[in-house]
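Trainee: Give me a model of this one.
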Amino acid sequence: MRHIWPSFCLLAVFTLLCGFAYPLAMIQFGQTFFPDQANGSVMERDGQVLGSYLLSFPSDKGENYFHSRPSNAVIDNGVLVGLASNYAQTNSELAESHKTASGIWKEQYPNTDLMPTEMTFASASGLDPNISYDAAMIQAIRVSENRKIPIDDLYIIIDQYRKQVPLLKLDYVNVNRLNRALDQIQPIDDGKP
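Mentor: Down below sits the predicted model:
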C-alpha cells in the first residue's frame, strides 16, 4: 500500500510534464521561431485560404501553370483527400500509370529526351508538391508560351524558388510556390486557386 502513493505522484508529475508542459512548450517554440510552418504553410489569395504549400493539388490548372507530379489526391466537398499510391513494382496498375504518364509527358514535350522520373510516378503519399529543377526548366517553355512571359524571366523566377536536398545535392522546386509567384506577377482569372 505504501508504494501506491509514490507511484500515483510520479504518474501525476509525468502526466503534467509529458502530457501538458512539453507539448505546450513545443507549440510555443514552433509559433515563435517557425510561425509559417507551425500553422501549416497556408496559401492565401485575397484573404481566402487556398490550401497549403506542403500539399500537392490535383493538376487541373491547365497549360498556364507548372504541373506537379501525378497524384492520387482528390478534392471531395472542398477537402483535399490524399490517397496513397505505393503499388508494388510488380503491380500492373503501376506499370499502366507509368505508361500513361510517360505518354502524356512525351506528347507535351516532344522536343526533349529528358523525362524526369518524378513526373511519371506519384509519390508514396500522393501529395508531394516538389518537382526536380530539371522538370521545372522543361515545363518553363510551355508556361512561357502560354503566359506570354519571356523565357529568361521565367528561368529567373524558377531559380528564386530553387531549393536543394541537403547531403544529396538534388535541386527541387515547390510547384505551389512557383505557381503562386506566377499569379502574383501575372494573374490569370480561371476560377481556380
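Trainee: From the centre of the chain outward, give me the first residue you hit.
Mentor: Among the residues of the chain, the one closest to the centroid is Pro129, at 2.0 Å (CA atoms, centre = their mean).
Trainee: Checking Leu154 next. Helix, strand or coil?
Mentor: helix (DSSP: H, G, I helix; E, B strand; the rest coil).
Trainee: start at 394 instead
Mentor: In the new numbering, first residue 394, that becomes Leu547.
Trainee: and it, what does it touch?
Mentor: Ala533, Val536, Ser537 (CB atoms under 8 Å, 6 or more residues apart in numbering). The way it works is simple: take the backbone N, C-alpha and C, and place the C-beta from them, glycine included.
Trainee: what's the closest of the residues you listed to Gln553?
Mentor: Ala533 (12.9 Å; CB to CB).
Trainee: if we can go back for a sec, for the residue nearest to the centre of the chain, what are its contacts?
Mentor: Tyr446, Leu447, Leu448, Ser449, Ser461, Asn567, Val568, Asn569.
Trainee: Now it. Nearest residue, chain neighbours left out?
Mentor: Ser449 (4.2 Å; CB to CB, 6 or more residues apart in numbering).
Trainee: The one you found: how many residues sit nearby?
Mentor: Neighbours of Ser449 under the rule other CB atoms under 10 Å: 28.
Trainee: Looks like Arg570 contacts Tyr446 (just checking).
Mentor: Yes - counting by CB atoms under 8 Å, Arg570 touches Tyr446, with 5.6 Å between them.
Trainee: I'd like to know how far the residue nearest to the centre of the chain sits from Ser516.
Mentor: According to CB to CB, to the nearest Å, Pro522 stands 9 Å off from Ser516.
Trainee: Ok, Ala529 next?
Mentor: Applying CB to CB to Ala529 and Ser516 gives a distance of 16 Å.
Trainee: These two: which is more packed in?
Mentor: The neighbour comparison of Ala529 against Ser516 (other CB under 10 Å) goes to Ala529, with 27 against 20.
Trainee: Now that one: which helix or strand?
Mentor: Element membership of Ala529, judged by DSSP states H and E, is helix 526-540.
Trainee: counting contacts, what elements does that helix pack onto?
Mentor: helix 544-553, strand 563-567, helix 568-578 (3 or more CB pairs under 8 Å, 6 or more residues apart in numbering; DSSP states H and E).
Trainee: comparing the ones you listed, which gets the lowest mean pLDDT score?
Mentor: Among the helices and strands packed on helix 526-540, helix 568-578 carries the lowest mean pLDDT, at a mean of 88.
Trainee: In this structure, what residue spans correspond to helices?
Mentor: 397-409, 415-426, 428-431, 485-501, 526-540, 544-553, 568-578 (DSSP state H).
Trainee: just to revisit the earlier point, take the contacts of Pro522 and write them to CSV, including distance to Gly496.
Mentor: Compiled in CSV, the contacts of Pro522 are given as follows (distance: CB to CB, whole Å):
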residue, distance to Gly496
Tyr446, 30
Leu447, 29
Leu448, 26
Ser449, 21
Ser461, 18
Asn567, 26
Val568, 21
Asn569, 25
